[in-house]
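**Q** let me see the structure of the following:
(chains A, B and C)
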Amino acid sequence: MAKPPRPPESEPELMVRARALAGRRVGELATELGATCPPDLRRAKGFVGGLVERALGADAASRALPDFSRLGIELKTLPVDGRGKPVESTFVCTIPLTEVAVLEWGSSPVYRKLRRVLWVPVEGDRALAPAARRFGEPLLWSPDTQEEADLRFDWEELAGIIGRGDVETVTGHLGRCLQVRPKAANSRARRRGTDRDGASVDVLPRGFYLRATFTAQLLCAHFVLPSSARGVGGA
DNA sequence: GATTGATCATGT
DNA sequence: ACATGATCAATC
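**A** Residues are numbered from 1 along each chain as shown, chains lettered A, B, ... in the order given. Predicted structure coming up:
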């Protein structure tokens, strides 16, 4: 692998780097970084995400910090179709099953992860070889008033159910913008949880994910109009 | 066609 | 083991 850039020291510096990706292809970037593009992502699901981390100078690699630790910004690549619409949900965080009952929205891992996110759209059509996929225009995003209210609503519903010890009743159907789905090596994986009586039980690990409908809406809204023109904050 | 549940690779 | 990065593929 070649030249890992310094972490960006400011948001503008990060955005200059991120915008420079727009219109370029995954394969070119891989070549520059000395990486080899896989023929498909079946056995390399995090390949594009890792590539962009390195290209932009993310420094948190596998630590419990935002990708750009100094700036407090999380990086998410977002696979989109030919019209710019997300084709996959977005993983947010694993669910701390034994703690969720005690967490408030403001102290929740969902809130912390989503406070500030750099979205980097990338073509995600499976018919396109990974190397041929182009990057889109990045969006540095924080939830606006309505988005945060929506996220909070779902968090309270889902965390409430899990906090009561009913994680096994939660399916991916619940939640308007957030959902709960498995997050594990396989369906036999187990991690410590709490049942309805407060007893310790081993359950399938799960994570919070953003629905594609939610990321579609946020891309559209924040690209089409700047937040100041949408009456954010109550106008 | 959209969605849910299952799964893959890598690093600490 | 569990965190990071996600997409695959069966099913609705």
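
**Q** which parts of chain A sit against DNA strand B?
**A** For chain A, the contact set with DNA strand B under Cβ under 7 Å from any atom of the strand comprises A:42-46, A:61-62, A:88-89, A:171-173, A:179, A:181-189, A:204, A:211-213. C-beta coordinates here come from the backbone N, C-alpha and C atoms, glycine included.

**Q** which helices and strands does the helix ranked longest in chain A pack with?
**A** The longest helix of chain A (DSSP state H) is helix A:145-163. Where contact means 3 or more Cβ pairs under 8 Å, 6 or more residues apart in numbering; DSSP states H and E, helix A:145-163 is packed against helix A:109-114, strand A:178-182, helix A:212-224.

**Q** which residues does residue A:96 contact?
**A** A:103, A:109 (Cβ atoms under 8 Å, 6 or more residues apart in numbering).

**Q** wait, a strand at it?
**A** No: counting by DSSP: H, G, I helix; E, B strand; the rest coil, residue A:96 is not found in a strand; it is coil.

**Q** for it, what are phi and psi?
**A** The phi and psi values for residue A:96, taken as degrees, to the nearest 10, are phi -80, psi 90.

**Q** where in chain A is pLDDT low?
**A** A:1-4, A:62, A:225-235 (pLDDT under 70).

**Q** okay, and which of the residues of chain A next to DNA strand B map to helices?
**A** A:212, A:213.

**Q** I'd like the distance between residue A:176 and residue A:155.
**A** As for residue A:176, its distance to residue A:155 is 11 Å (criterion: Cβ to Cβ, to the nearest Å).

**Q** just residue A:131 next, same as before
**A** Between residue A:131 and residue A:155 the computed distance is 38 Å (Cβ to Cβ).

**Q** so for the two, which residue has more residues nearby?
**A** Remark: of residue A:131 and residue A:155, residue A:155 carries more neighbours, 22 against 16, as counted by other Cβ atoms under 10 Å.

**Q** contacts only, for the more buried one.
**A** Applying Cβ under 8 Å, 6+ apart, the residues contacting residue A:155 are A:105, A:108, A:110, A:111, A:178, A:208.

**Q** which of these count as buried?
**A** Burial by neighbour count, 16 or more other Cβ atoms under 10 Å: within these this picks out A:108, A:110, A:111, A:178, A:208.

**Q** if we only consider the residues you listed, which is nearest to DNA strand C?
**A** Taking Cβ to the nearest atom of the strand as the measure, DNA strand C sits nearest to residue A:208 out of these, at 10.4 Å.

**Q** the closest residue to the closest one other than its chain neighbours: which element?
**A** In space, and not counting its chain neighbours, residue A:208 is closest to residue A:92: 4.3 Å by Cβ to Cβ, 6 or more residues apart in numbering. Using DSSP states H and E, residue A:92 sits in strand A:90-94.
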